[in-house]
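# model this:
(chains A and B)
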2 protein chains.
Amino acid sequence: MNGLEIFFAECVKAVDAELDKIIPSAESEPNRLPAAMRWSVLAGGKRFRPALCLAVGEMFGASRKSLLKTAAAMEMIHTYSLIHDDLPAMDDDDWRRGRATCHKKFGEATAILAGDVLQTLAFQTLAEDANLSAEVRVKLIAELAKSAAKMVDGQQMDLEAEGKSIRIEELETIHRNKTGAMICGAARSGAIIAGANEAELNAVTNYAESLGLLFQITDDLLDVTQTTEVLGKTAGKDAKAEKATYVSLYGLDEARKLAEAAHARACGELKNIEKETNLLRELAGFILERRK
Amino acid sequence: MNGLEIFFAECVKAVDAELDKIIPSAESEPNRLPAAMRWSVLAGGKRFRPALCLAVGEMFGASRKSLLKTAAAMEMIHTYSLIHDDLPAMDDDDWRRGRATCHKKFGEATAILAGDVLQTLAFQTLAEDANLSAEVRVKLIAELAKSAAKMVDGQQMDLEAEGKSIRIEELETIHRNKTGAMICGAARSGAIIAGANEAELNAVTNYAESLGLLFQITDDLLDVTQTTEVLGKTAGKDAKAEKATYVSLYGLDEARKLAEAAHARACGELKNIEKETNLLRELAGFILERRK
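As a prediction, the model looks like this:
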């Protein structure tokens, strides 16, 4: 394994252990909510957002311990959004993270409530993080809330755009919100915990914005070029839903070029950070080259 | 109007004005989410939880200004739960607060997302409340999160109990969570903002627990004895869904006696608070006598 692979493997292990501690055990409650939460959260996700939070925070000198609960909270927000996004009234998907979606396994009502309480638990986790001062905690809660609200805005715009022909600018606005905001929030949260200054926070924000765009373009590419088995979620569903994507608007070749440009912008921004930025550079490279 | 009526009228006005400030205007976003949020939040609710938060907080000497954002956050959490509870996969209701439910008006997907982002906005509002110290804010966020998680637990238990015959103790556990937790959280939040001591917080908790039970029993009674027009939400739906209620388990007369006993316990608890508790006593009386 190279350095990035080792870092990712460590992140997954640490974040999964933290999530396992935070989410009530299936036996702790006389109802199926904990089981439903665990089904969706502990399903072997890539933990990309938590990893980004850790990578940025540690680059600025924060301890892993001070970052882990925030990283876990990020993942809970992300997973709640996946559970709700997969519902029949939304994307109506049967397959996620290599297993049945939450509503397929537990029914729609339980899936709605499991998503709801995961969001709640994310904010509770941040509010009760004894590793951080109250001042830092409220900053993080505001940051995560703003990112999560933008994500929902993006989902709504995406829904309203389905089946319509939209312009490039609209597509970018959708994705900057739907995917970009939480990626940006993850990176910024790491910097906030580490006490980064304004200039550093700006550079991180710019890096993460390009990274979020890169992530979305490669997501669109993978939806077309990969199988359901490799992705662990339904492939080809964008075209089926007549969604505007970077591939549908630009074609495969041009979309790849846009991905490369976003990657270059992300890496270029790292020059403005006077820290060891190799890991963040490798992370951007990993997203550009990812195969799932 | 008597003192309580004047207090309620003032609360509704102040809380509605605060909610109107917090929730983005329908024109502020290029999508329908703000309109959907406003449809459900600004629909003339009774604002019982915010009123309880203000009544308790002011009794202990907190300023209305220091309480209002928390009161509004309570109402946003409550409304998000109503929106999701009314969905076809849950209670499947067409009618709420005297108008069409959110999903009837805006579609299911938008209703799910409007509920999601209302929860987010509630926590953001608390995190950014400049009237309170960061220490108090994180306490409130943890308190509200724990109450909201219990509420969802209660909803899940309620769903799982539908059509089954359940014991009295289970019914009480369901309601202590589903309705009681947020009522208790509202009262406790007011006390926390005012800096009440442990003994005071305990007395408030006991009062609010009895008040929550009283609220639920009268809710069950009204479902049987009132019309949809008076309630502003569908009457008779508990029986239709074969839900266990205080009325179905005890009958009308016995349920009324239980309401009176809960009222007496709530008022009895007020003797342990060395403040002017008249308003809280009247509030309990109002819930006992309410006709909608």
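
# check whether stretch A:8-22 contacts chain B.
No: using CB under 8 Å from any CB of the partner chain, stretch A:8-22 stays clear of chain B, with a minimum separation of 11.7 Å. C-beta coordinates here come from the backbone N, C-alpha and C atoms, glycine included.

# so for stretch A:269-277, what's the average pLDDT?
The average pLDDT within stretch A:269-277 is 95.

# buried ones in that stretch?
Using 16 or more other CB atoms under 10 Å in any protein chain shown as the test for burial, stretch A:269-277 gives A:269-270, A:273, A:275, A:277.

# Need the max-distance pair from these.
A:E269 and A:K275 (12.7 Å; CB to CB).

# how about the helices in the stretch 1-150 of chain A?
A:3-22, A:33-41, A:48-59, A:64-85, A:102-106, A:108-127, A:134-161 (DSSP state H, counting those that start in this stretch).

# Mind putting those helices into a markdown table with mean pLDDT?
As requested, the helices of the stretch 1-150 of chain A are exported to a markdown table (pLDDT from 0 to 100):
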| stretch | mean pLDDT |
| --- | --- |
| helix A:3-22 | 95 |
| helix A:33-41 | 96 |
| helix A:48-59 | 97 |
| helix A:64-85 | 97 |
| helix A:102-106 | 96 |
| helix A:108-127 | 98 |
| helix A:134-161 | 96 |
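
# need those in TSV with mean neighbour count, can you?
TSV is the format used below for these (neighbours: other CB atoms under 10 Å in any protein chain shown):
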stretch	mean neighbour count
helix A:3-22	16
helix A:33-41	23
helix A:48-59	26
helix A:64-85	24
helix A:102-106	22
helix A:108-127	26
helix A:134-161	23
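
# Can you add distance to chain B and secondary structure and give the buried residues of stretch A:269-277 back as CSV?
CSV is the format used below for these (distance: CB to the nearest CB, whole Å; DSSP: H, G, I helix; E, B strand; the rest coil):
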residue, distance to chain B, secondary structure
A:E269, 27, helix
A:L270, 30, helix
A:I273, 27, coil
A:K275, 27, coil
A:T277, 30, coil
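
# Now do stretch A:264-278: distance to the chain's middle.
Distance, stretch centre to chain centre, for stretch A:264-278: 21 Å (CA atoms, centre = their mean, to the nearest Å).

# Roughly how far does the nearest residue to A:T227 once chain neighbours are set aside sit from A:A111?
Excluding the flanking residues, the one nearest A:T227 by CB to CB, 6 or more residues apart in numbering or on different chains is A:A235, at 5.5 Å. Taking CB to CB, to the nearest Å as the measure, A:A235 falls 22 Å from A:A111.

# Same check on A:L213?
30 Å.

# try A:D94
12 Å.

# list the residues that contact both of these two?
A:T101 (CB atoms under 8 Å, 6 or more residues apart in numbering or on different chains).

# Now do the phi/psi pair for A:K233.
Note on A:K233: its backbone torsions stand at phi -140, psi 160 [degrees, to the nearest 10].

# got a list of what it touches?
So, once contact is read as CB under 8 Å, 6+ apart, A:K233 ends up touching A:93, A:95-97.

# Between all of those, which two are separated the most?
Among these, A:D93 and A:R97 lie farthest apart (CB to CB), at 11.1 Å.

# Top of the contacts of A:K233 by number of neighbours, please.
A:R96 (24 neighbours; other CB atoms under 10 Å in any protein chain shown).

# Distance check, the nearest residue to that residue once chain neighbours are set aside against chain B.
Among residues not flanking A:R96 along the chain, A:K233 sits closest, at 5.1 Å (CB to CB, 6+ apart). Distance, A:K233 to chain B, by CB to the nearest CB, to the nearest Å: 19 Å.

# can you count the residues close to A:R265?
17.

# What helix or strand is it located in?
If you go by DSSP states H and E, A:R265 is part of helix A:252-269.

# helices and strands around that helix, which ones?
Counting contacts by 3 or more CB pairs under 8 Å, 6 or more residues apart in numbering or on different chains; DSSP states H and E, helix A:252-269 is packed against helix A:198-225, helix A:246-250, helix A:278-289.

# In the longest one, which residues are buried?
Read that as helix A:198-225. A:200-204, A:206-224.

# what packs against it?
helix A:48-59, helix A:168-175, helix A:181-193, helix A:237-240, helix A:246-250, helix A:252-269, helix A:278-289.

# For those helices, which has the smallest mean pLDDT value?
Taking the mean pLDDT of the helices and strands packed on helix A:198-225, helix A:237-240 comes last: a mean of 72.

# what sits up against stretch A:258-278?
A:3, A:59-60, A:199-200, A:203-204, A:206-207, A:210-211, A:213-214, A:217-218, A:221, A:246, A:250, A:280-281, A:284-285, A:287-288.

# For A:G185, see how far away the most centrally placed residue in chain A is.
Against the mean C-alpha coordinate of chain A, by CA atoms, centre = their mean, the closest residue is A:R49 at 4.5 Å. Distance from A:R49 to A:G185, counting by CB to CB: 8 Å.

# any residues in contact with both of the two?
A:M74.

# got a pLDDT number for A:E27?
86.

# what do you get for A:F215?
The model's pLDDT for A:F215 equals 94.

# coming back round to it: residues in contact with the spatially closest residue to the residue nearest to the centre of chain A that is not a sequence neighbour?
Nearest residue to A:R49, sequence neighbours excluded (CB to CB, 6+ apart): A:A186, at 4.1 Å. Listed by CB under 8 Å, 6+ apart, the contact partners of A:A186 are A:49-50, A:52-53, A:56, A:71, A:74, A:147, A:208.

# How about A:F123?
Here A:F123 is in contact with A:73, A:141, A:144-145, B:123, B:141, B:145 (CB under 8 Å, 6+ apart).

# repeat that with 6 Å
A:F123 makes contacts with B:123, B:145, as judged by CB atoms under 6 Å, 6 or more residues apart in numbering or on different chains.

# How about the one 3 residues further on?
Listed by CB under 6 Å, 6+ apart, the contact partners of A:L126 are A:73, A:137, A:140-141.

# Quick one: those residues as a markdown table, columns for distance to B:A14 too.
A markdown table is the format used below for these (distance: CB to CB, whole Å):
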| residue | distance to B:A14 |
| --- | --- |
| A:A73 | 32 |
| A:R137 | 28 |
| A:L140 | 29 |
| A:I141 | 24 |
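
# Check the gap between the nearest residue to A:K105 once chain neighbours are set aside and A:E162 for me.
The shortest distance from A:K105 to any non-neighbouring residue, by CB to CB, 6+ apart, is to A:W39 (5.8 Å). Distance, A:W39 to A:E162, using CB to CB: 27 Å.

# rewinding a little: mind checking the helices and strands packed on helix A:252-269 for the one nearest to B:T79?
Here helix A:198-225 is closest among the helices and strands packed on helix A:252-269 (CB to CB), at 30.6 Å.

# any idea how far A:A255 is from A:V230?
Applying CB to CB to A:V230 and A:A255 gives a distance of 19 Å.

# more crowded one of the two?
Neighbours were counted for A:V230 and for A:A255 using other CB under 10 Å; A:A255 has more, 20 against 13.

# And for the more buried one, nearest residue in space, chain neighbours not counted?
Ranked by CB to CB, 6+ apart and with sequence neighbours excluded, the top spatial neighbour of A:A255 is A:Y246, at 4.3 Å.

# One more: A:L211?
Distance criterion CB to CB, 6+ apart; nearest residue to A:L211, sequence neighbours excluded, is A:A266 at 4.9 Å.
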